[in-house]
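J.: Model the structure of this input:
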Amino acid sequence: MKRGHMPRANVKNTTLSGICRHILGVVLSVLVCVVPSLAQTTLTISAAASLKDALTEVEAGYKQTNAGVEFVNNFGSSGTLATQIDQGAPADVFLSAAEKPMNDLDAKELIIAGTRRNLLRNTLVLIAPLDSSLRDFQGLADGSIRLIAVGDPAGVPAGQYGQQTLSALHLLDKIKSKLVLAKDVRQVLTYVETGNADAGLVYATDARASNKVRIVAAAPELAHDAIVYPAAVVKGSRAELAARKFVNYLGSHAAQAVFVKYGFTIAAK
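T.: This next block holds a predicted model:
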């Protein structure tokens, strides 16, 4: 072999090595671009039905600065949602329309300590179809009012507040036979909208969302328990850090502005 000349085998190996390094570099570059876009976090939110419109908008705003987060929402009555969580249903965050369902989960240590916060308040109102002549709560005892929709007090906070109000106004015994129980407050609204009930008890925020009903009267605040919406991270969350971050965001000025737009008031710190 002449000095200064590389064997053919070594030249070939050197060329293949360079090609492999080039391919590896391209693959790594692609992975750097692709992997972050695949890093999605899905948060399962169990929330009171009355929060549906406002929370959906809050989540959309949150995703604008947290592109890797997706939401799966489970809306329903707070009592039913708490029971589902107690029975092992997957949930990262729980937003209740009353303190009791949250208290029940807290007592069973199903809420992560330190994550609970009172977010919002609401008002209970009596609604009727647009063409109704109903003028006040006492009118519910009139013969022209045949069916009154209320949330099932067994698991619907609005139904519990409604029952307390009717009792405080000395109406419950008079109209008990007229009551139609609904699975959540949105179903109460639907019953009145469609004429399947002559009146109903819902939150002011639900009434505002409809152009088919009118608010007849607001329930006296002292006639029922305070309507408070707490939020917390559920123990066993598969995305605890992301869930904590979102619960904190719910108390931010940006989120609160959306809730206020839908008629909620902000709970005192």
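J.: who's in contact with the spatially closest residue to Val72 that is not a sequence neighbour?
T.: Taking C-beta to C-beta, 6 or more residues apart in numbering as the measure, Val72 lies nearest to Thr44, with 4.7 Å between them; neighbours along the chain are not counted. Bear in mind the C-beta positions are built from the backbone N, C-alpha and C, glycine included. With contact set as C-beta atoms under 8 Å, 6 or more residues apart in numbering, Thr44 has these partners: Phe71, Val72, Asn73, Asn74, Pro90, Ala91, Asp92, Val93.
J.: What score does the last one have for pLDDT?
T.: Okay, so that is Val93. With respect to pLDDT, Val93 scores 98.
J.: Could you do the fourth one as well?
T.: Asn74 carries a pLDDT value of 98.
J.: Provide the secondary structure category for it.
T.: With DSSP: H, G, I helix; E, B strand; the rest coil as the basis, Asn74 sits in strand.
J.: next one: the first one
T.: Put simply, Phe71 is strand when judged by three-state DSSP.
J.: Bridged to it, which residues?
T.: Leu43 (DSSP bridges).
J.: now it: how far from Ala49?
T.: 16 Å (C-beta to C-beta, to the nearest Å).
J.: and if you look at the fifth one?
T.: Counting by C-beta to C-beta, the separation of Pro90 from Ala49 is 19 Å.
J.: Which one's more surrounded, these two?
T.: The residue with more neighbours, out of Pro90 and Ala49 and counting by other C-beta atoms under 10 Å, is Ala49; that gives 25 against 15.
J.: Show the contacting residues for the more buried one.
T.: Phe75, Gly76, Ser77, Ala97, Asp184, Val185, Arg186.
J.: switch the cut-off to 7 Å
T.: Taking C-beta atoms under 7 Å, 6 or more residues apart in numbering as the contact definition, Ala49 lies against Phe75, Gly76, Ser77, Asp184, Val185, Arg186.
J.: swap in Ala113?
T.: Contacts of Ala113 by C-beta under 7 Å, 6+ apart: none found.
J.: so what are the domain limits for this protein?
T.: Taking automatic domain parsing as the domain assignment, the ranges for the chain are 38-120+228-266, 124-223.
J.: can you map out the strands along the stretch 51-200 of the chain?
T.: For the stretch 51-200 of the chain, applying DSSP state E, counting those that start in this stretch gives strands covering 69-76, 93-95, 117-121, 124-129, 148-151, 179-182, 199-203.
J.: for the fifth one, the distance to its chain's centre please.
T.: The chain centre lies 22 Å from the centre of strand 148-151; the measure is C-alpha atoms, centre = their mean, to the nearest Å.
J.: Sheet partners, orientation included, of that strand?
T.: Applying DSSP bridges to the sheet, strand 148-151 is found paired with strand 179-182 (parallel), strand 199-203 (parallel).
J.: Which stretch among the ones you listed is buried most, on average?
T.: Relative to the other members of these, strand 199-203 carries the highest mean neighbour count by mean count of other C-beta atoms under 10 Å, namely a mean of 30.
J.: ok and that one relative to strand 124-129, angle-wise?
T.: With axes from the mean of the first three to the mean of the last three C-alpha atoms, to 10 degrees as the basis, strand 199-203 and strand 124-129 are set at 140 degrees to each other.
J.: Could you point out the helix or strand that follows strand 199-203?
T.: The first helix or strand that comes after strand 199-203 along the chain, using DSSP states H and E, is helix 204-208.
J.: Which parts of the stretch 51-200 of the chain are helices?
T.: Listed in chain order, the helices of the stretch 51-200 of the chain (DSSP state H, counting those that start in this stretch) span 52-65, 78-86, 99-107, 157-168, 172-175, 185-193.
J.: export the last one as CSV, just CAs?
T.: Looking back up the chat, that one is helix 185-193. Output for helix 185-193, consisting of C-alpha atoms alone and laid out as CSV, is shown next (Å, rounded to 0.1, in the frame of the first residue of the first chain):
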residue,chain,number,x,y,z
VAL,A,185,-81.2,23.3,37.1
ARG,A,186,-80.9,23.4,33.3
GLN,A,187,-83.7,20.9,33.0
VAL,A,188,-85.8,23.1,35.2
LEU,A,189,-85.2,25.9,32.7
THR,A,190,-86.1,23.7,29.8
TYR,A,191,-89.4,22.6,31.4
VAL,A,192,-90.4,26.3,31.7
GLU,A,193,-89.1,27.2,28.2
